[in-house]
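Trainee: requesting a structural model of the entry that follows:
(chains A and B)
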Protein chains: 2
Amino acid sequence: MALIVKKFGGSSVGTTEKILNVAKRIIAEKQPGDQIVMVVSAMGDTTDELIELAKQINPNPYQYTREMDMLLTTGEQVSISLLTMAFRTLGQKAISLTGQMVGMKTNSVHTKGKILDIKPARVKKELDKGNIVVVAGFQGVDEHGDPVTLGRGGSDTSAVALAGALKADSCEIYTDVDGIYSADPRLIPDARKMQEITYDEMLEMARLGAGVMQPRSVEMGKYFNIPIHVRSTFTNTPGTMIREAYTMEEKDFLIRGVAHDKNVAKIAVLGVPNNPGIAKEIFSALADKNIAVDMIVQSIRNIEKNVTDMVFTTTLDDLPETKKTVDAVAEKLHAVAVLIEEDVAKVSIVGAGMLGNPGIAARMFGALADANVNIDAISTSEISISCLIKGSELSEAANAIHKEFFPDK
Amino acid sequence: MALIVKKFGGSSVGTTEKILNVAKRIIAEKQPGDQIVMVVSAMGDTTDELIELAKQINPNPYQYTREMDMLLTTGEQVSISLLTMAFRTLGQKAISLTGQMVGMKTNSVHTKGKILDIKPARVKKELDKGNIVVVAGFQGVDEHGDPVTLGRGGSDTSAVALAGALKADSCEIYTDVDGIYSADPRLIPDARKMQEITYDEMLEMARLGAGVMQPRSVEMGKYFNIPIHVRSTFTNTPGTMIREAYTMEEKDFLIRGVAHDKNVAKIAVLGVPNNPGIAKEIFSALADKNIAVDMIVQSIRNIEKNVTDMVFTTTLDDLPETKKTVDAVAEKLHAVAVLIEEDVAKVSIVGAGMLGNPGIAARMFGALADANVNIDAISTSEISISCLIKGSELSEAANAIHKEFFPDK
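Mentor: Numbering: from 1, shown residues only, chains lettered A, B, ... in the order given. Coordinates of the predicted model:
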């Protein structure tokens, strides 16, 4: 007997036929005594259609964030009622519950809410009555009783947080890929599916560009220590288990995966006086504009003239605002020039195993050198190493690194 | 300065364009200091579309009444968020509130809920902040926190009940007709719009077949003594005020209107023994099947044989079940025959003025006689008289009666 939270995304419940199929599958897989909580997103394009309606009222409807939440939370309410009817049509007791009913308390930051607390008494009561409990993902309620959506990746976060609050045995995230891979299979055909990965590694992978899981839900899993099983909606094969520590032979892997990110731009502020406070000048101006900066490299340009170059990266989305801000600061600092490069990419390796293994970085750099890929900048964290390279060389670079750490069996 | 509750039905908010038009109108008509509560239904065909989705899951989705309520309450939630955005787009402060947020407490009879109590503290707070408060009609919440819809005419009922709980100055029901008429203008071209009508008269009109207002909301108005202004969505002309007593010259009218009902079937149980308990036998069998019986006439067929005829009416919808039930009872009672007639109609006059005016009934019967219409059965209440006639003679009969009591000016 286990208590399992299962999350199905919008494409898995995109039509009434798919909803019936999800219900059939869950009933077929249910073991006697299992308690099942389903967390579901809005059906397929529902959210986009609702946003479209709002845009007919005002081209910029997100200025009314509370009303957007009032509008968008209906999407999940429709899918939970239909999925519950599907269960009952198939003879399975079930009940639908909104975010409010499952006690999902959030702050009042509409459209980007954060979960403050979960009081899932109603969920437990309904499970004890023998129901499959079908919960609206992506939504909670604030102290005023107003609906609040959780923003990007919100349904995953709902599911993992609810699993945590219920002390569930696991949380299963059903998605259109069948697990977490050692790299993006679209870029690296040799990428292999992992059986397990730790929360920290998954977080680092997500931070460095791997797209399957939003970091928020992984953090939530880590916080509650709930194993997260990422698996396919379309097959029954096991996916990847995200958990605190490995239970199997996979701990022998030094690194867990190769991540990459093309949404990167490089900004170089050349020839600024090498005085204390220069970095603060540049980066506090960017922070004021809410621009996130990633890799930062400061190098000495000319010791005698005491000038330095400051190089950093940001996302392509933030580039126009970054350029405006940096140009202003550079003028003030009497910098020689500001150079922008958009054809750059970041390739990273992630793995708790690199702690205390100083040879890892050298192997990564060696693989890049052998592939004739030049490294533009390097940054490291406890469990990752990232290299900034030319965007056009990304595929070559990533494949070379992956081959180094995941040689053919 | 007045506190006014205004209710707009689904066709008034059927498109985003119509929603913007409603917002413009309300802002244009708003007097400084007015406090406005809007109660709205789901947009146009939304409810039908949601029911269609549910039918794709199960052809008979209404067996899952709680889930239907979970599904259908989203319709109003969409329209209140869009209407609120429309107000704000036009520069008017506004906020949307669900049935739960306005404190609309109901029993747990899903899809046919009854309002138990309203605690509209949130509405008052939002009004005091200068908001137009946009409320989801047709819905409340039960003691478990589950959404409950109020059934047919539910949005009107929400609006009037909320007006009562807020001690509003009036409740305006915007509809596709411009008021209450002395008869159905489609049947009686001479029908005239009434300036005023009492709750009791309106209730009697509705009970006898006049379709504009559901009796529930009128009862609610009477209970709270809230004047209900029935008026057109499309024009600014005043409609009809439903209230406790007349304030104007209209009190001189003896009768208020002519109602009619074609959804009637006549059942005659002929030749049953005229013993005590016969009526109980027939009508308790029908009550067990939840069949409502309207006009009942018992007449002596043959004194010597001590047998009687029992004639009554029911709705056409209930006729198949009625026939089955009555046939069984008739056999048990050794009745001579059961006759069914479907080509019947009921025409009624309504008016508090007929109290203490014994000539009214005679004038009605006289008008029918002059029109050569035969009366099949008669029933009376304190403020109404109804005649059962041939369905094919309804138009003639109704026009003749209307002309008698509303002569050309």
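Trainee: residues of chain A that sit close to chain B?
Mentor: Within reach of chain B by C-beta under 8 Å from any C-beta of the partner chain, chain A has these residues: A:16-17, A:19-20, A:50, A:53-54, A:56-58, A:61, A:64, A:66-68, A:70-71, A:73-74, A:77-78, A:80-82, A:84-86, A:88-89, A:95-96, A:98, A:100-101, A:122, A:144-146. The C-beta positions use only the backbone N, C-alpha and C, and glycine is treated the same way.
Trainee: from those residues, list the buried ones, please.
Mentor: The neighbour-count test (16 or more other C-beta atoms under 10 Å in any protein chain shown) marks A:16, A:19-20, A:50, A:53-54, A:56-58, A:61, A:64, A:66-68, A:70-71, A:73-74, A:77-78, A:80-82, A:84-86, A:88-89, A:95-96, A:98, A:100-101, A:122, A:146 as buried among those.
Trainee: which of those residues fall within strands?
Mentor: A:Ile95, A:Ser96 (DSSP state E).
Trainee: count the residues that sit near the residue nearest to A:Gly99 when sequence neighbours are not counted.
Mentor: Excluding the flanking residues, the one nearest A:Gly99 by C-beta to C-beta, 6 or more residues apart in numbering or on different chains is A:Gln139, at 3.6 Å. For A:Gln139, the number of neighbouring residues by other C-beta atoms under 10 Å in any protein chain shown comes to 28.
Trainee: go on, A:Gln195?
Mentor: Neighbourhood size, A:Gln195 [other C-beta under 10 Å]: 16.
Trainee: and for A:Asp34?
Mentor: There are 14 residues near A:Asp34, going by other C-beta under 10 Å.
Trainee: pretty sure it contacts A:Ile4?
Mentor: Yes: between A:Asp34 and A:Ile4 there is a contact under C-beta atoms under 8 Å: 6.5 Å.
Trainee: for A:Ala397, give me its contacts.
Mentor: By C-beta atoms under 8 Å, 6 or more residues apart in numbering or on different chains, the residues touching A:Ala397 are A:Ala345, A:Val347, A:Leu368, A:Ala371, A:Val373, A:Cys387, A:Ile389.
Trainee: how many neighbouring residues does the fourth one have?
Mentor: Using other C-beta under 10 Å, A:Ala371 has 17 neighbouring residues.
Trainee: pretty sure it is touching A:His402, no?
Mentor: No: taking C-beta under 8 Å as the definition, A:Ala371 is not a contact partner of A:His402, at 11.2 Å.
Trainee: how far away is the nearest residue to A:Leu20 once chain neighbours are set aside from A:Thr47?
Mentor: The shortest distance from A:Leu20 to any non-neighbouring residue, by C-beta to C-beta, 6+ apart, is to A:Ala86 (5.0 Å). Distance, A:Ala86 to A:Thr47, by C-beta to C-beta, to the nearest Å: 20 Å.
Trainee: ok, now A:Leu333?
Mentor: With C-beta to C-beta as the criterion, A:Leu333 and A:Thr47 are 45 Å apart.
Trainee: in the stretch 251-400 of chain A, what residue comes closest to chain B?
Mentor: A:Asn290 (24.7 Å; C-beta to the nearest C-beta).
Trainee: so how many other residues sit close to that residue?
Mentor: Look at A:Asn290: counted by other C-beta under 10 Å, it has 8 neighbours.
Trainee: give me phi/psi at it?
Mentor: The phi and psi values for A:Asn290, taken as degrees, to the nearest 10, are phi 60, psi 30.
Trainee: again, but for the one 10 residues further on
Mentor: A:Ile300 adopts backbone torsions of phi -80, psi 130, taken as degrees, to the nearest 10.
Trainee: enumerate every residue touching the closest residue to A:Thr98 other than its chain neighbours.
Mentor: Leaving aside its chain neighbours, A:Thr98 sits nearest to A:Ala136 (4.9 Å; criterion: C-beta to C-beta, 6+ apart). Residues near A:Ala136 by C-beta under 8 Å, 6+ apart: A:Val39, A:Val40, A:Thr73, A:Glu76, A:Gln77, A:Ser79, A:Ile80, A:Ser96, A:Leu97, A:Thr98, A:Gly99.
Trainee: distance check, the residue of the stretch 251-400 of chain A closest to chain B against A:Thr314.
Mentor: As judged by C-beta to C-beta, A:Asn290 and A:Thr314 stand 11 Å apart.
Trainee: which other helices and strands does the helix or strand of chain A with the lowest mean pLDDT contact?
Mentor: Every helix and strand of chain A was ranked by mean pLDDT, DSSP states H and E. The lowest is strand A:296-302, at a mean of 76. In terms of contacts (3 or more C-beta pairs under 8 Å, 6 or more residues apart in numbering or on different chains; DSSP states H and E), strand A:296-302 is packed against strand A:265-273, helix A:278-288, strand A:307-314, strand A:377-381.
Trainee: go again with 6 Å.
Mentor: Strand A:296-302 sits against strand A:307-314, with contacts defined as 3 or more C-beta pairs under 6 Å, 6 or more residues apart in numbering or on different chains; DSSP states H and E.
Trainee: packing partners for the strand it packs on?
Mentor: Packing partners of strand A:307-314 (3+ C-beta pairs under 6 Å, 6+ apart): strand A:265-273, strand A:296-302.
Trainee: what comes up buried for the last one?
Mentor: I take that to be strand A:296-302. Across strand A:296-302, burial judged by 16+ other C-beta under 10 Å covers A:Val297, A:Arg301.
Trainee: what strands line up against that strand, and which way round?
Mentor: If you go by DSSP bridges, strand A:296-302 pairs up with strand A:307-314 (antiparallel).
Trainee: next structured bit after the partner strand?
Mentor: Using DSSP states H and E, the helix or strand that follows strand A:307-314 in sequence is helix A:319-333.
Trainee: that following helix vs helix A:278-288, what angle?
Mentor: Orientation of helix A:319-333 against helix A:278-288 (axes from the mean of the first three to the mean of the last three C-alpha atoms, to 10 degrees) gives an angle of 140 degrees.
Trainee: pLDDT of the very next helix or strand once past helix A:319-333, averaged?
Mentor: Where DSSP H and E defines the elements, the next helix or strand beyond helix A:319-333 is strand A:337-341. Per-residue pLDDT values over strand A:337-341 give a mean of 93.
Trainee: what strands line up against whichever helix or strand comes after strand A:337-341, and which way round?
Mentor: Going down the chain from strand A:337-341, the next helix or strand is strand A:344-350, by DSSP H and E. Looking at strand A:344-350 with DSSP bridges, its partner strands are strand A:257-261 (antiparallel), strand A:384-390 (antiparallel).
Trainee: buried residues in the next helix or strand after the last one?
Mentor: Scanning forward in sequence from strand A:384-390 by DSSP H and E, the next helix or strand is helix A:394-405. Using 16+ other C-beta under 10 Å as the burial criterion, the residues of helix A:394-405 that qualify are A:Leu394, A:Glu396, A:Ala397, A:Ala398, A:Asn399, A:Ala400, A:Ile401, A:His402, A:Lys403, A:Glu404, A:Phe405.
Trainee: so who does the fifth one touch?
Mentor: In other words, A:Asn399. Contact criterion C-beta atoms under 6 Å, 6 or more residues apart in numbering or on different chains gives A:Ile188 as the residues in contact with A:Asn399.
Trainee: swap the cut-off to 10 Å and go again
Mentor: Shown in contact with A:Asn399 (C-beta atoms under 10 Å, 6 or more residues apart in numbering or on different chains): A:Ala183, A:Leu187, A:Ile188, A:Pro189, A:Asp190, A:Ala191, A:Val258, A:Val347, A:Ala367, A:Ala371.
Trainee: verify the stated contact: A:Gln404 with A:Leu368.
Mentor: That one is not Gln; residue A:404 is Glu. Yes: with contact defined as C-beta atoms under 10 Å, A:Glu404 reaches A:Leu368; the gap is 9.2 Å.
Trainee: no further queries at this time; thank you.
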